[in-house]
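>>> Here is the input, now give the coordinates:
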Amino acid sequence: MKPGTPRQDGFTLTELAVVIAIIGLLLGGMIMTLSAQNDARQGNETQRTLEQAREAVIGFAVGRGRLPCPASASSLGTEDPATGGACASPSGFLPAATLGLQPTDGQGFLLDAWGNRVRYAVTMWDYSGTPSKLDVFTTTNGMREVGITPDGTGTARLNPDLVVCTTAFGSSTTDCGSGVPKFQTPAVIFSLGKTGSAGPSGPDDNENVDGDRVFVARSAGATGSGDYDDIVIWISPNILFNRLVSAGPL
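This next block holds a predicted model:
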């Protein structure tokens, strides 16, 4: 600077670049934190929605003496068929219109916090003993007719065949892999998570939409097979049977 030249205070281009970079990092961190908080909030909201749906399904069973069938894509949120019995499919959407649940989309299907339709699967188990009974859990008074007392061989009369595993590793179409913890259940209610049906596409995630009797429930960060963001809950057979016995339908 020449003598007598007025001093010009301010940032150099390098200093401005450094400041902009720092601001960018701070904003990026804030956005990531807010995104994670929003994901957690939506996950908790979806969990509550599924739990309310489970209570509605049990309440339906107490009132009708059977579990509802899944809704199909064309049934406008009602179970298919509306009379139960042999369901159109053992796996589909939760019949929110039949159960009177909200929030739903324009076609009557219950939505999770990400706007995806809530899924539902029910056991189509048949009892071949005496009295023999088809579609025991979804036929009106089917569970009462078969009864909960073990038969003459000690085999459970009401034996739902849906299985929830902690990972799909080693699983078949009817059971978990060797040594994998499992839960037998008459009904599963689940959300496909933030990504919906678009993914992830790992084995654990795929197990919930492949149409067989096996489902996977684990946290996104737990050890398992591939990426996973589903939220899965199920109905405990003991809770269902106790509620039915207390209310009279069993």
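>>> Which neighbouring elements make contact with the longest helix belonging to the chain?
What stands out as the longest helix in the chain, according to DSSP state H, is helix 13-64. In terms of contacts (3 or more Cβ pairs under 8 Å, 6 or more residues apart in numbering; DSSP states H and E), helix 13-64 is packed against helix 96-99, strand 187-191, strand 231-234, helix 237-247. Glycine gets a C-beta too; all of them are placed from N, C-alpha and C.
>>> Make TSV out of the ones you listed and add mean neighbour count and distance to residue 128.
What follows is these, written out as TSV (neighbours: other Cβ atoms under 10 Å; distance: least, Cβ to Cβ, whole Å):
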stretch	mean neighbour count	distance to residue 128
helix 96-99	22	29
strand 187-191	26	21
strand 231-234	20	24
helix 237-247	15	19
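>>> now those as a markdown table including distance to residue 81 and mean pLDDT?
Rendered in a markdown table, the data for the helices and strands packed on helix 13-64 read as follows (distance: least, Cβ to Cβ, whole Å; pLDDT from 0 to 100):
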| stretch | distance to residue 81 | mean pLDDT |
| --- | --- | --- |
| helix 96-99 | 11 | 97 |
| strand 187-191 | 17 | 97 |
| strand 231-234 | 23 | 97 |
| helix 237-247 | 22 | 95 |
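>>> Select, out of the ones you listed, the one closest to residue 153.
Shortest separation from residue 153 across the helices and strands packed on helix 13-64 is recorded for helix 237-247, at 19.3 Å, computed as Cβ to Cβ.
>>> which residues of the protein score low on pLDDT?
Counting by pLDDT under 70, the ranges of the chain that qualify are 1-11, 26-32, 34, 154, 199-200.
>>> Can you pull up the most central residue in the protein?
The C-alpha lying nearest the average C-alpha coordinate of the chain belongs to residue 190 (Cα atoms, centre = their mean; 1.1 Å).
>>> ok, now which ones touch it?
50, 118-120, 208, 215, 217, 230-233 (Cβ atoms under 8 Å, 6 or more residues apart in numbering).
>>> Kindly recompute the last result at 10 Å.
Under the criterion of Cβ atoms under 10 Å, 6 or more residues apart in numbering, the contact list for residue 190 reads 46, 50, 53, 94, 112, 118-121, 164, 208-209, 215-217, 230-234.
>>> ok, now residue 201?
Contact partners of residue 201, counting by Cβ under 10 Å, 6+ apart, are 195, 226-227.
>>> tell me which of these is nearest to residue 136?
Minimum distance to residue 136 across the contacts of residue 201 is 34.4 Å, recorded for residue 226 (Cβ to Cβ).
>>> What's the local residue count around that closest one?
Burial of residue 226 is recorded as 15 neighbouring residues (other Cβ atoms under 10 Å).
>>> Also residue 108?
Residue 108 is surrounded by 17 other residues when neighbours are defined as other Cβ under 10 Å.
>>> Surely it touches residue 73?
No. The pair formed by residue 108 and residue 73 falls short of the contact definition of Cβ atoms under 10 Å, at 11.4 Å.
>>> Just the buried ones from the contacts of residue 190, in PyMOL syntax?
Listed next is the PyMOL selection for buried residues among the contacts of residue 190, using 16 or more other Cβ atoms under 10 Å:
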select buried, resi 46+50+53+94+112+118+119+120+121+164+208+215+216+217+230+231+232+233+234
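>>> one step back: list the residues that contact both of residue 108 and residue 73?
Common neighbours of residue 108 and residue 73 are listed as residue 93 (criterion: Cβ under 10 Å, 6+ apart).
>>> Please report how far the nearest residue to residue 91 once chain neighbours are set aside lies from residue 84.
Once flanking residues are discounted, residue 91 sits nearest to residue 121: 4.0 Å by Cβ to Cβ, 6 or more residues apart in numbering. Computed as Cβ to Cβ, to the nearest Å, the residue 121 to residue 84 distance reads 15 Å.
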